[in-house]
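> Curious how this folds, go ahead:
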Amino acid sequence: MKAKIKELGADFSLLLVAVCWGGTFFIVQDAIKDTPVYVFLFWRFLIAAGFMALFSIREFRKLDKETLKAGSILGVFMFLGFAFQTFGLTYTYSSTVAFITGLNVVIVPLAVYMIFKKKASLYSVFGAIFAVIGLYFLTNSHNGGFGLGEFYTLICAAMFALQIAFTDAYAKKHSAFLLVTIQFVVVTFFSMIGAIFMDGRIMPNSFDGVFLEALVITVIFATVFAFFTQTVMQKFTTPAKTAIIFTMEPVSAGIFGYYLAGENFEAIQLIGAGLILFGMLSAELGTYFRNKRLSNA
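Sure, this is the predicted structure:
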């Protein structure tokens, strides 16, 4: 009974993570209208790194060169993912960015196969096909089609897929808390470089209004709470449930975008979004149940 309560608590916590991630797309989009992308990312991850370092203080005794190297590699992928995602938000709907970012679920098996030579399952290929068809319908509407924002977000999805693929390899050898902390520090560093050389400054126009609101929400909920909760709670639930729960990220982004940001989907785009979700679920759940079947054989 106690184990079931823990599992339900973990499932609910992961649902909150998905909703937090989905709910921040339109908030960030609003913030970067007045604040350069790298400046926003610098302050977001500087503060998040400070919080995460406090959470990880007992883990620092485990820090070594290999952990530092692993965290730095993951940090580069995370930085590129967030940078391209944030740039994507300057050109297209936040809900569109969310659905395309979700494609990292079907890109991951392909990345694992190419880098680690682990064969992708038939379900992954099947899911990828449906997701690509969904992407076509989602972006090829009468409202601009596949533009720069969609292109940037597709690169973002690829970067997050690489981050996930390498995390799978590194998390088994190193402290998860240290890996997350180092990643935040690396993102902060590269964002600072980008802010100085690309934006010409690291200071926002002001620390109040939309910038402060976006900073508080993304740091507390979408960064520190989300990554910390994901790290801890996935131990108490199944990968299958986690895959289902995390498809709520683009769904919640679409809902928030519709009701709070005035974004509208055409019927063909809704079909595309549905196909992407179907592809994501097919890839994750099909692979999971296949592996479970093989392990019980």
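
> Tell me how many other residues surround L178.
22 (other Cβ atoms under 10 Å). The way it works is simple: take the backbone N, C-alpha and C, and place the C-beta from them, glycine included.

> check contacts around it.
By Cβ atoms under 8 Å, 6 or more residues apart in numbering, the contact set of L178 is 56, 59-60, 62-63, 67, 71.

> Can you list phi and psi of the closest residue to D30 other than its chain neighbours for me?
Closest residue to D30 apart from its sequence neighbours, by Cβ to Cβ, 6 or more residues apart in numbering: V210 at 5.6 Å. Per-residue torsions, V210: phi -60, psi -40 (degrees, to the nearest 10).

> Local confidence estimate at V210?
Per-residue confidence (pLDDT) for V210: 88.

> How about I5?
Reading off the confidence values, I5 has pLDDT 72.

> that older thread, tell me how many other residues crowd the residue nearest to D30.
Using other Cβ under 10 Å, V210 has 17 other residues around it.

> before we move on, the earlier item: please check the contacts of L178 and keep the buried ones.
Among the contacts of L178, those scoring as buried are 56, 59, 63, 67, 71 (criterion: 16 or more other Cβ atoms under 10 Å).

> Give the buried residues for the longest helix along the chain.
Counting by DSSP state H, the longest helix found in the chain is helix 267-296. Neighbour counts over helix 267-296 (16+ other Cβ under 10 Å) mark 269, 272-288 as buried.

> Without its sequence neighbours, what residue ends up closest to A226?
Nearest residue to A226, sequence neighbours excluded (Cβ to Cβ, 6+ apart): V17, at 4.6 Å.

> Tell me which residues touch that neighbour, please.
Residues near V17 by Cβ under 8 Å, 6+ apart: 225-226, 229-230, 233, 246.
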